[in-house]
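**Q** curious how this folds, go ahead:
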Amino acid sequence: MPVSIAASRAEVATAESEQEAIAKLGIELDIAGPETLLVRQLPALLAQADPEALVRQMLEELARYGRTHQVEARVHELLSTMACHGSVRANRRLTIDEMNALLRDMERTERSDQCNHGRPTWTQMGLKALDRLFLRGQ
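**A** Numbers count the residues shown, from 1 in each chain. Okay, the predicted model is just below:
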């Protein structure tokens, strides 16, 4: 079922003039009247989003700046959460194959040196630092 939105004439005008940009974001938005919009489709990742709030924010940005980052920002936020929940947690025992696969994935992944919260995922230590850590040579 489409979601009907009572919109201002300005929002409807923006939706009409920016149809191509809106469609590129994966949103199917129809004009159902001079003050009514129908949200027929959202990107699958945003299925749980509030369609009315999302469309209003998007139309406001399009009207003000000629572009919008609302959909992209929401998708990135969801992907970030999914990545965090699917990550390898502390004290989880990995097999050698899992460790090697993780290292190969990190080699191919941009900015894999930190998690999506900004914390480091690895660090480099010299031999002296390792010796101190394990109380070697004392």
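
**Q** could I get the full set of helices for the chain?
**A** Taking DSSP state H as the test, the helices found in the chain are 9-17, 19-24, 51-65, 70-85, 96-108, 127-133.

**Q** for the lowest-mean-pLDDT helix or strand in the chain, name the packing helices and strands.
**A** Lowest on mean pLDDT, DSSP states H and E among the helices and strands of the chain sits helix 70-85, with a mean of 74. If you count contacts as 3 or more CB pairs under 8 Å, 6 or more residues apart in numbering; DSSP states H and E, helix 70-85 packs onto helix 51-65. Quick note: C-beta positions are derived from backbone N, CA and C, even for glycine.

**Q** what is the neighbour count of Val88?
**A** Using other CB atoms under 10 Å, Val88 is surrounded by 10 other residues.

**Q** surely it and Leu94 touch.
**A** Yes: with contact defined as CB atoms under 8 Å, Val88 counts as touching Leu94 (6.8 Å).

**Q** list residues touching both of these two?
**A** Leu102 (CB atoms under 8 Å, 6 or more residues apart in numbering).

**Q** okay, angle between the least confident helix or strand of the chain and helix 51-65 too, please.
**A** Relative orientation of helix 70-85 and helix 51-65, computed by axes from the mean of the first three to the mean of the last three CA atoms, to 10 degrees: 120 degrees.

**Q** buried stuff in helix 70-85?
**A** Neighbour counts over helix 70-85 (16 or more other CB atoms under 10 Å) mark Gln70, Val71, Arg74, Val75, Leu78 as buried.

**Q** same deal with stretch 5-24?
**A** So stretch 5-24, judged by 16+ other CB under 10 Å, has buried residues Ile5, Ala7, Glu11, Val12, Thr14, Ala15, Glu18, Ile22.
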